[in-house]
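> Okay, sequence plus prediction incoming.
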Amino acid sequence: MRRIFSFHGGVNPPANKQQSLRKPIADAGIPPELILPLAQPAGAPAIPVVTVGERVLKGQVIAAAHDVDSLPVHASSSGTIHAIDERLVAHPSGHPTSCIVIATDGRDEWVSHSGASDYRALAPADVIQLIRNAGVAGLGGAGFPSAAKLSAAPHTPISTLIINGAECEPYITADDVLMRERAADIIKGIDILRHILAPRTTLVGVEDNKPQAIAALQAAAQDTGTEIVAIPTKYPSGGETQLIEILTGKQVPSGELPFQIGVICQNAGSVAAIFDAVVRGRPLLSRVITVTGASVREPQNFQVMLGTPMRYLLEKAGYEAGRNSRIIMGGSMMGFTVPDSGVPVVKTTNCVLAPTAAELPVPPPAQACIRCGLCAEACPATLLPQQLFWFAQGGEFDKLEAHHLFDCIECGACSYVCPSKIPLVQYYRAAKADILQRHRDREQARLARLRFETRQQRVERAGTEKEARRVARKQAAQQHIQATRSESQEDPIQAAIARANAKKAAQRARAAHGSELERLEKDVVATHTRLATATAKLDEALAQGSELAVALREGVDRTRAKLAAAERTLRDYQRSRQPGFASPGADMTETVLAKAIAARAAEAALSPADKIRKDLAKLQQRLNKSEELLACSRRNGDEEKVIVALEATVARLTEKLSAAQQLLNSAQDS
Amino acid sequence: MTLLLAQYPLFSSLLILAGLAAACGALLGYAEQRFKAERNQVAVADAVNNLLPQTQCGQCGYPGCRPYAEAIAAGEAINKCPPGGAAGIRALATLLDVKLLPLDKEHGEEKTAPLVAFIREDECIGCTKCILACPVDAILGAAKQMHTVISALCTGCDLCVEPCPVDCIDMVSPHESLQTWRWQLPDPSSRSVDIIATDNVLRAAQRDRAA
């Protein structure tokens, strides 16, 4: 007898499994329309390889896998591609996503396929490829590609292979009936996995509330080396890490995956799908789904084609829409309400639950946390739920990570026991999403910085290259001059002496004038003085009524223009010397930046009405500019497109201008 | 001397203590000079730069995030970055061990939702002005060809809006899809519950008065 361990915490909610166990698995048949989402639980969305109107056969690949973590999408039945567009899917966001819609023809015609019944002759990697091509994903809930899980650690020896048949969540019986009716296929599927992984021990964990499934599996597993282990019924023993702890006593360390401690876990349904994929060559096209809840008359399990709308499935089970409160995908603990009854079932749909309002009432408003600590006792991951709750409320992400928020499996045991009815799991989900977003933002910022720096280097390089070209041109010109001079038989020594003398004289002159800045400043001051004198003279002449006044006025105007020019030169010089600003024309970004910075600084000091007025002036300026451009283009007879675009701009700017004017009027009125 | 010390034990013990204090002080002073923690400005600027959001928008008054990071390392205020927001200021305050400050409103307000630039492609005339203005190379296009913003790379700095001669660039909130959707915290109204009966009476009275 194998020793069975236990995990911390856990709860025992009402199982509600008997309702759907009265009948064997029924075939749900072919719905008129199949909706197959391209989005994947892991990895990028698949890429469609069919066109609208094309006829497809059952099992044909209609969308190819994008990368190693995503899976191909197969047609679940034969028919024609009706559409490839956005449809609502079973996702808590309620957002539509790209789907391929097949209008079925009812003939259910298979594409040619063949299995590898002698898979033992194949290398493990080839068998994994077969599993990947068949689109097998974890059917337990997360939907992670089985092939990716099996090939995650080709160099780590796997000591234990665990098949998860616990199915601890209330209402769901899909794995239970599958294990009862297809025990032999599951055991053969396990043999395939053992061929791939070569584990020392193979264990199938089944909760002891499924005696028929345990008996069927034990009968099928005789003398195969696979051991069926009945484990005590406790929620969430079907969690991967929990089941590993129950069966092996080993805990998966925080932040690690099971294969790192030599364990691989696969869901019982996935194992049956692997058997179909490898031995029969059939991709994963349908799965067993429990349809239950008090608003269906005949709750039972169905073999359902992927892509079947939930409404179709519910009607097969005697759905009474009037009594129903909401439709849940999954069980009562971890399920979520779907946005619409028309959403399709996918690989991770193990249950469609249609309860009445009395059966699963809307939770009452949350009350204050009273720090009773029941959640910490129930948590199967040995976390501190109430601590995490406080940190999630306060957005203290570092502390959340330090308290191992990411070890939370979102089983909902804490919310179940909470006497204040706090939706704890929702807090953890939101906090996890925020933390992941923060990591993504940081990565984005890093890439933005890299691009910015690379761009700076590029701009700089372009500048130096330009400068080098300029210098080269100058040198060539000088050489040319020298060549002509030497032709004119001038003494080179004399010329050199003359050049040196000239250089010295220039240096002296510069020293006499002081630095460039001083020179410019002096220039401004001197011109200013001249202007003052000239103005005084003009005043005098005007007072005396002298005829010199006209000539003097001209002189004053000239001096004023000179003063303005001198001041501008000085300002430009000073600006070019300011740190952080390159000389004009060096870099477009920096010029734009400088402008934006100046504008923002000015804006901060303005009142709202002034701001609007300024905007107005700016808009007017832009309008003038655009009109000018338009006139210019018309004169030059530019392309039609340019003129049309410019006309549109003028119209838009005029519109904006009138809007701003109205805004200003209303601001002034108030 | 020894005799003198032996004769005045109080004096001699004071002397010894004073000597010890002087020796220890000298040792500590030397150690402080010798093993002075190098507050390397470049390293600090690097660390600060890593915390800045790298929008390169210039709202802080510096031409890019790196110059602002260098200014912070040299003692500039940490609250001039609106895209970083309160969270960014908190991270900077923790890193530099300085006082937490509210965001300086002079440099702009923190955006509640991220925005990205969007070019109305029918109206683009292919002038490349926005491409030259984009600090992070997030705009694709060539002269006289249509331009487009690679929204995944756009930092939302809005420096491209102003240079556009036909005004065809808008700042829009990015499209939320299944992949970018996130769980939100529970509705805040479900978090404040009237559990104290007397409070309810008071609140009802207030409502009546208001009505």
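Good, I have the coordinates. Residues are numbered from 1 along each chain as shown, chains lettered A, B, ... in the order given.
> need the contact list for the residue most central in space within chain B.
Centroid check for chain B by C-alpha atoms, centre = their mean gives residue B:88 as the closest residue, at 2.9 Å. Residues near residue B:88 by C-beta atoms under 8 Å, 6 or more residues apart in numbering or on different chains: B:51-53, B:81. Every C-beta, even on glycine, is put in place using the N, C-alpha and C of the backbone.
> next one: residue A:184
Going by C-beta under 8 Å, 6+ apart, residue A:184 touches residue A:220.
> low-scoring stretches of chain B, by residue?
Counting by pLDDT under 70, the low-confidence segments of chain B come to B:37-39, B:188-204, B:207, B:210-211.
> domain parsing for it?
Domain assignment for chain B, taken from automatic domain parsing, gives B:41-107, B:113-177.
> can you redo those as TSV with distance to residue A:276?
Below are the domains of chain B laid out as TSV (distance: least, C-beta to C-beta, whole Å):
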stretch	distance to residue A:276
domain B:41-107	50
domain B:113-177	33
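> so which of those domains comes closest to residue A:274?
Minimum separation from residue A:274 across those (C-beta to C-beta) falls at domain B:113-177, 31.5 Å.
> Might you calculate how far the closest one sits from the centre of the chain?
On the basis of C-alpha atoms, centre = their mean, to the nearest Å, domain B:113-177 is displaced by 25 Å from the centre of the chain it belongs to.
> Checking my notes, residue A:302 in a strand, right?
Yes. Under DSSP: H, G, I helix; E, B strand; the rest coil, residue A:302 falls within a strand.
> which one is it nearest to, not counting chain neighbours?
residue A:28 (4.1 Å; C-beta to C-beta, 6 or more residues apart in numbering or on different chains).
> same question, residue A:409
In space, and not counting its chain neighbours, residue A:409 is closest to residue A:239: 5.1 Å by C-beta to C-beta, 6+ apart.
> cool, residue A:289 as well?
Closest residue to residue A:289 apart from its sequence neighbours, by C-beta to C-beta, 6+ apart: residue A:304 at 4.7 Å.
> need the contact list for the one you found.
Counted by C-beta under 8 Å, 6+ apart, residue A:304 has contacts A:28, A:286-289, A:313, A:345, A:349.
> Taking those residues, please make a PyMOL selection of just the buried ones.
Per 16 or more other C-beta atoms under 10 Å in any protein chain shown, the buried members of the contacts of residue A:304 correspond to this PyMOL selection:
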select buried, chain A and resi 28+286+287+288+289+313+345+349
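> For residue A:630, state which of the contacts of residue A:304 is nearest.
Nearest to residue A:630 among the contacts of residue A:304 is residue A:345, at 58.3 Å by C-beta to C-beta.
> For residue A:398, see how far away the closest one is.
Look at residue A:345 and residue A:398: by C-beta to C-beta, to the nearest Å, they are 40 Å apart.
> just residue A:210 next, same as before
In terms of C-beta to C-beta, residue A:210 sits 43 Å off from residue A:398.
> before we move on, what about residue B:66?
To residue A:398, residue B:66 is 26 Å away according to C-beta to C-beta.
> quick one: which of these two has more around it?
Set residue B:66 next to residue A:398 and count neighbours by other C-beta atoms under 10 Å in any protein chain shown: residue B:66 wins out with 20 against 11.
> shaky segments in chain A?
Using pLDDT under 70, the flagged stretches of chain A are A:1, A:487-492, A:510-515, A:577-589, A:603-606, A:670.
> Quickly list the domain ranges of it.
When chain A is cut into domains by automatic domain parsing, you get A:18-353, A:376-437, A:606-669.
> Same list, these, but as CSV with distance to residue B:138 please.
As requested, the domains of chain A are exported to CSV (distance: least, C-beta to C-beta, whole Å):
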stretch, distance to residue B:138
domain A:18-353, 21
domain A:376-437, 20
domain A:606-669, 23
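> Specify the helix with the largest residue count in the chain.
Let's take chain A. Using DSSP state H, we find that the single longest helix of chain A is helix A:424-487.
> I was thinking of chain B, sorry if that wasn't clear
Identified as the longest helix of chain B according to DSSP H is helix B:9-34.
> which other helices and strands contact that helix?
Applying 3 or more C-beta pairs under 8 Å, 6 or more residues apart in numbering or on different chains; DSSP states H and E, one finds that helix B:9-34 contacts helix B:2-7.
> give the contact list for residue A:392.
Contact analysis of residue A:392 by C-beta under 8 Å, 6+ apart lists A:400, A:405, A:427-428, A:430-431, B:185.
> doesn't it fall inside a strand?
No. With three-state DSSP as the criterion, residue A:392 is assigned helix and is not in a strand.
> State the distance from it to residue B:88.
Separation of residue A:392 from residue B:88 (C-beta to C-beta): 21 Å.
> So which residues of chain B form helices?
Under the criterion DSSP H, chain B contains helices at B:2-7, B:9-34, B:41-51, B:65-73, B:85-96, B:129-133, B:197-210.
> winner for burial among the ones you listed?
Of the helices of chain B, the one with the most neighbours on average (mean count of other C-beta atoms under 10 Å in any protein chain shown) is helix B:65-73, at a mean of 22.
> Residue B:110 reaches residue B:102, doesn't it?
No. Using C-beta atoms under 8 Å, residue B:110 is not in contact with residue B:102, being 10.3 Å away.
> Give the residue from the two that has the larger number of neighbours.
Using other C-beta under 10 Å as the criterion, residue B:110 and residue B:102 rank with residue B:110 on top: 15 against 8.
> so how far is chain B from residue A:248?
Using C-beta to the nearest C-beta, to the nearest Å, residue A:248 is found at 32 Å from chain B.
> just checking, that residue touches residue A:5?
Yes. Contact status for residue A:248 versus residue A:5: in contact at 7.4 Å, counting by C-beta under 8 Å.
> which one of those two has more residues nearby?
Remark: of residue A:248 and residue A:5, residue A:248 carries more neighbours, 20 against 13, as counted by other C-beta under 10 Å.
> Buried ones in stretch A:402-422, by neighbour count?
A:403, A:405-406, A:408-418, A:420, A:422.
> Which one of those residues is nearest to residue A:436?
The shortest approach to residue A:436 among the buried residues of stretch A:402-422 belongs to residue A:406, at 9.2 Å (C-beta to C-beta).
> if I pick the closest one, what's in contact with it?
By C-beta under 8 Å, 6+ apart, the residues touching residue A:406 are A:254-255, A:432, A:435.
> Please report which of those residues has the highest neighbour count.
Using other C-beta under 10 Å as the neighbour test, these are led by residue A:432, with 20 neighbours.
> quick one: the residue lying farthest from the centre of chain A from residue A:552, how far?
What lies farthest from the middle of chain A is residue A:544; by C-alpha atoms, centre = their mean that is 82.9 Å. Using C-beta to C-beta, residue A:544 is found at 11 Å from residue A:552.
> who touches both of these two?
Residues touching both residue A:544 and residue A:552 (C-beta under 8 Å, 6+ apart): there are none.
> circling back: pipe the contacts of residue A:304 into CSV and attach secondary structure per row.
Shown next, in CSV, are the contacts of residue A:304 (three-state DSSP):
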residue, secondary structure
A:28, coil
A:286, strand
A:287, strand
A:288, strand
A:289, strand
A:313, helix
A:345, coil
A:349, coil
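> With respect to residue A:40, which of the contacts of residue A:304 is nearest?
Among the contacts of residue A:304, residue A:349 lies closest to residue A:40 (C-beta to C-beta), at 14.8 Å.
> Please identify the buried residues of stretch A:100-112?
By neighbour count on 16+ other C-beta under 10 Å, the buried set for stretch A:100-112 is A:100-102, A:104.
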